[in-house]
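K.L.:
I would like the atomic coordinates for the input below:
(3 chains)
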Amino acid sequence: MKKNKDSEWFIHAVLLAGVVVVVFPFIWMILSSFKSLPDFYSFSFWPHKFDFSAYKFIFKETNFLQWYLNSIIIGAIVTLSCLVFNSLIGYTLAKYKFPGRKAIFILILSTLMIPTEMLVIPWYMMGAKMNLIDTYLGIMFPGLIEAFGIFLMRQFMLGIPDDLLDAARIDGMNEFKIWWRVALPQVKPALSALGIITFLGNWNAYLWPVIVISTENMRTLPVGISLYATGDAGGIQWNMIMGMSTLAVIPMIIIFLIFQKQIVEGITLTGVKG
Amino acid sequence: MKKTCIKLLLVIMAFSLVALAGCSNSDNSSSSNGSKSKKQVTITYWQYTFPAKVSEIKNLIQKFEAENPNITVVAQDFPYDQYNQKVAAAMHAGKGPDILNLYYGWLPQYVKQNYLQPIPKDLLTTSEIESYFVPMIKASKINGKYYTLPIAVRSLALFYNKDMFKKAGLDPNSPPKTWNELIQDAKKMTKRDANGKLQQEGFAWDVNGQGYHAFEEVLLRQWGIEPFSKDGKKVQWNTSHGLNAFTYWINMEKKEKVGEPNFLTDYNTAFKAGKAGIIIDGSFDIAAIRDAAKFNWGVTTLPVREVGGLESNFGSYWTNGIAKGVTGEKLAASDKFIKFLISAETQKEWLKNVGEIPAAVSFANDKTISNDPIYGPFVQGLKNSHATFFVDEAKERDSMSSQIDKILLNNESIDKTFNSLIKEQQQIRDDYFQNN
Amino acid sequence: MIKSTIEKSRKIHPLKLKTKQTLVAYSFLTIPLLFFLCIRIFPTLYSFSMSFSPQYGVGFTVENYQKLFKDHFFWQAVWNTLKYVIITVPIQMALGLLLALAIKRIQHFRWFYRMIYFLPYITSIVAVSWVWRLMFDPNTGFLNAFFGILHIPPQNWLSDPKEALLCISTVMIWQSMGFSMLIFMAGLEGIPKHLYEAAQIDGAGKGKMFWKITLPLLNPTIVFLAVTGVIQALQTFTQIQNLTAGSGSNAGGPLHCTISIVVYMYQNAFQDFNMQYASAVAVVLFIFILLVTLLQLRVLNKNIEY
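P.N.:
Predicted coordinates for the structure are as follows:
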C-alpha cells in the first residue's frame, strides 16, 4: 500500500513537470503582452513595468474587433449549417431505404480521402468566377457541408430505434418534422460534439481563409494576427502580437474550462466512432 | 429544453443572417449611391503597409477629395510579404484596385502579367515624363513606355548611433569614410555575452534589407564592375574583382563578425532599439527612427573603398500605376489622382512626412534640402546613384539571400557559392528575356 | 400493438411505402448532395485536369509532372514532409500513451491533468506558433536564456538549418500530444479489467501485462491515431508559415530546410500563380494520403479477420 502511494507521488511529480512545459508558452504569451517594446530588445523575464499600451493600441488602431466578429460570425454560420445538413444527410442515409443509398454513402466517404489542401486551388478559381473572393460566403462555402460530420451523424442515427420513427409516422407527423422533432433530440450528445469540433476547426482555420481573404476588414482572427505579425511595420511588434494572441486564445480556454466535459467527451466520441 | 434549444439556434441563425446582410448591404449602398449622385466616382488605391506612407496617403486623400468632391479614394494596405501575392490574386480574380503602388523592381513582372496600362498620353507624354523627373526613373521604361510614376526617390546612407560611438571611444562626429574604417569602428562596438550571444552589434550587416543593393550597386562598382550590361541581359560580375568584392562583403559578417542579419529580427529594429551602431538604410526610415530612437544619431554618406575613391549609391523608388481595364470615369479620376500625387506640392509634403527625396528634377538644386544635416547625405548620394534594372526583384533577392545563407549557415565555400549565385542570377534574366 | 399496425400498413401498401421513402430521401438529399458534389468531387476532378494542363493556353500535357520530377525543391519538400511525419507521429503517440497510462495510475486530480495537457490542442495554431517563435529567438528568446542558466551554449533554433525542422516538429508535438492522450485514455477505459485480474492471478508482471494485454488491445486506437497523425503531418502548413515566414523571407526557410509539400504548393499557386504546376504538387499529396488510407483499410481488415 505504501509503495503504491510513493509511486503515486512520483507520477504526480512527473506530470506536474509536464504541466509546466505545456502551460509555459501560455504564461509567456500573457507576460509578453504586458511588456513594452524595449523589453524585447534583450532578454527579460518580467515586464519592466506592466504596460497596457499594446492592448490600447490593438483596440484603437487595428481592426482587431472586426476580425473577432468575423471569426464569430463565420464560425457560427458554418457550425449551424454543418449541424443541419450533416445531420439531415446522415439521417436520410441511416433511416431510409432507397435505391442508390449505398453508392451515395460510399461517394461521401471517399471524399474523406481528399485533402483540403488539394481543393483550395479549384475553390479559389471557382470563387473568383463567382465573385466570392474576399466575401463571407467565399470564406464559408467549402465548410458548409462536410463528410466526416455526415459519417458521424449516420453512425449515431443508426442507433435510433425504427419504432420511434414509425410511431411518429402513425401520429401523422410529416417526414421533415420526424427528423427535426424525433430524430435530432435522440442524438444530442453527438450534435454538441460535432458542433464544438466544427466551431473549433473554423475558429482556428488558416489555409483557406488566408487565400480567399484580401482586404483587412474581412480577415478572421488567425489571418489577422498572422498578417499583422509579418506586416512590414519596422520589425516585429511582439507585444502587439502577443496581446492579440492572448485575446484570441483566452476566450477559447475559458469556453474549454466551462464545457470541458462535453468537449473531451465529444472529441473522444468522434475519435472512437471514426 | 428542446424548444429553447431550437429557439436559440434560430436566434443565432437570424443574427448571423442579419450580420451577413448588413455587410453585403453596406457594399451595395455605397455603389448605388455612386450611381445616384451621377458623377460620384470611387477609385481604390493599394499600397503596402509602411506606417509613414499609409498615414501620409490618408492625409493626401483628404486633401484631394476636398479639391475633387466628386471623387472618393479608398486606400488599402497589405503587408509587404503578402503584397505581390494579394495583387496577383486580386488581378486574377478581377477584383484589383484602380491604382497600384509598387516597387520599381517589380514593374517588369507586373507589365508581363498585364496588370498595368501605360500612362495615358494626355496625363504626361514620354518626353514630358523624362523632363519632369530625375533621370533615375528611366529604369522603369519598358519597351519605350512608362507604366508608372513615382512621388519620390530614395538613396542610401549610413545611419549611426552617436552615443554608442562615444561609449566605444570613437569620435561621434567622424563617422567611417571607408569600408575598412567601418569594419574597425563596428568591431569596437560589437558586444557578446559569455555564451557568445550577440548583445550589441557594430554594423547591422544584412542581405534582405538594403545590404543586397549596397553590394550590387556600391561595392561592385567600387571594385570596378558594372553589375549588369546596359540592356540588362547579362550579369557582369563573374570576374576576380567581382569575387573579391563579394568576399570582402561576406567577410564583414563571416570573419569580422560585426553583426548578425537576424539580430532583433532586422537591421532597422536593431538600430531603433539602440543595439546597432551603424546601419545602411534609406531616407524613408528617418521618420520611424526619429520617433523610436532614444539616443543621438547622425547620417552620413556611404563609405568608399579608399579615401577619394569612387562614390556610388543605389537609387530606388516606389511608383504608381493605373491597373489594366480601368476606363471611363474611373480612368479620368485615376489620372487626376496620379497627377495630384506627382505634383511638386505633394512631393514637398512627402519629403517632410515620409522622408523620401522629391522625384521631380526641379528639386535637384533645392539648397534647403541638400544642406539639411539629415537629408543632405541622401541628396548627395542621389547624384551617384544607380537604380538596378531588375527583371524580377523578388526572385533575384531570394536567390541572393539563399545563396548567402549557404555560406553563413552551411559553411559552404565562398568561391563555389559565388559561381552558383552568378549562374542563378543569369538564369533569372535569361528566363525573363526569353519569354519577352 | 403499434408494430402490428405498421406491419399491416406495410402489407397494404408495400409499393407505395417504398416509393414514398425514396421520394422523401431524395427530396432531403438532392440539394445538399449537389452542393456537396460541387465543393468536393468537382474540384477534385478539376484539380486533376489542371495538373495536366499547360500554364498558358489549353491542351493536354504532362510537362508539369516532368518538371516536378526534376524539381530539386519539390523533392526537398517531399523529404521534409516525410521527416515531419517520422518525427512527430511516433513521439506524440508515445507521449500521449505515457500520459494516459500515468493519469490512469493516479487517484486524484485526473481531470486537472487531462484538461491541462489537452489545452494546446484547442488553441489557435497561428497564435501559439508566434509565441514559440518569440521563445525561439536566438538572442532575446526565453529558450536561450534558459540554456544560459544551465550553461548550455545558445542555439540558433529556427535560423539554423539543422535545427529548424526539429523546432517546428516540437511545436507540432506539443500541440497534438494531448489529443493522443485523450484517445488513449478512452482506449484504456475499453480494456476489460478482468483481463488484468486474471493475468495477476497467473503471476504476470506489470511489464508483461502491458505488452501482452494493454498494447494488443489498444491496437485499433493506435491505428486510428497513427493514421490521423500521419495525414495531419502530411498536411503541415500553418506552423511553417507562421514560424518561418516574414521580414522579407519566404516560408520554409532557412535554405528550404523546413518547407513542406503544402507550403511548396501554396507558394507555387498563390505567389507565382502557376496553378497548374501547383495542382500537380497537390496531386502528389493526394496520392500520399490515399496510400496511407489504403494501408489503414488493410490493417483494419486484417484485424477483423483475426
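K.L.:
and the pLDDT at the residue nearest the centre of chain C?
P.N.:
By Cα atoms, centre = their mean, chain C has its centre lying nearest to C:Gln232, at 1.7 Å. The per-residue pLDDT reported for C:Gln232 equals 91.
K.L.:
show me what the host helix or strand of it packs onto, helices and strands only.
P.N.:
C:Gln232 belongs to helix C:219-234 when assigned by DSSP states H and E. Judged by 3 or more Cβ pairs under 8 Å, 6 or more residues apart in numbering or on different chains; DSSP states H and E, helix C:219-234 is in contact with helix C:72-105, helix C:164-189, helix C:275-305. C-beta: built from backbone N, CA, C; applies to glycine.
K.L.:
now these in TSV, with mean pLDDT and mean neighbour count?
P.N.:
Formatted as TSV, the helices and strands packed on helix C:219-234 follow (pLDDT from 0 to 100; neighbours: other Cβ atoms under 10 Å in any protein chain shown):
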stretch	mean pLDDT	mean neighbour count
helix C:72-105	95	19
helix C:164-189	93	22
helix C:275-305	83	17
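K.L.:
quick one: which of those is nearest chain B?
P.N.:
helix C:275-305 (8.8 Å; Cβ to the nearest Cβ).
K.L.:
does chain A sit close to the closest one?
P.N.:
Yes. Helix C:275-305 comes into contact with chain A (Cβ under 8 Å from any Cβ of the partner chain), by way of C:275, C:278-279, C:282-283, C:285-286, C:289-290, C:293.
K.L.:
select, from those residues, the two members most distant in space.
P.N.:
C:Met275 and C:Thr293 (25.6 Å; Cβ to Cβ).
K.L.:
okay, domains of chain B per the record?
P.N.:
Using automatic domain parsing, the domain ranges for chain B come out as B:39-154+B:317-375+B:379-383, B:156-315+B:388-435.
K.L.:
closest one to chain C among the ones you listed?
P.N.:
Using Cβ to the nearest Cβ, the domains of chain B put domain B:156-315+B:388-435 closest to chain C, at 3.9 Å.
K.L.:
how long is the closest one end to end?
P.N.:
Domain B:156-315+B:388-435 has an end-to-end distance of 33 Å (Cα to Cα, to the nearest Å).
K.L.:
quickly check: that domain near chain C or not.
P.N.:
Yes. Domain B:156-315+B:388-435 comes into contact with chain C (Cβ under 8 Å from any Cβ), by way of B:193, B:195-199, B:208-209, B:260, B:262-266, B:397-398, B:401-402, B:405-406, B:409-410.
K.L.:
in strands, which of these appear?
P.N.:
Counting by DSSP state E, the part of these found in strands is B:198-199.
K.L.:
in TSV, list the domains of chain B along with mean neighbour count, mean pLDDT and distance to chain A.
P.N.:
Shown next, in TSV, are the domains of chain B (neighbours: other Cβ atoms under 10 Å in any protein chain shown; pLDDT from 0 to 100; distance: least, Cβ to the nearest Cβ, whole Å):
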stretch	mean neighbour count	mean pLDDT	distance to chain A
domain B:39-154+B:317-375+B:379-383	19	90	4
domain B:156-315+B:388-435	19	92	3
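K.L.:
the residue of chain A found nearest chain B in helix, strand or coil?
P.N.:
Closest contact between chain A and chain B, by Cβ to the nearest Cβ, is at A:Gly235 (3.0 Å). Taking DSSP: H, G, I helix; E, B strand; the rest coil as the rule, one finds A:Gly235 in the coil state.
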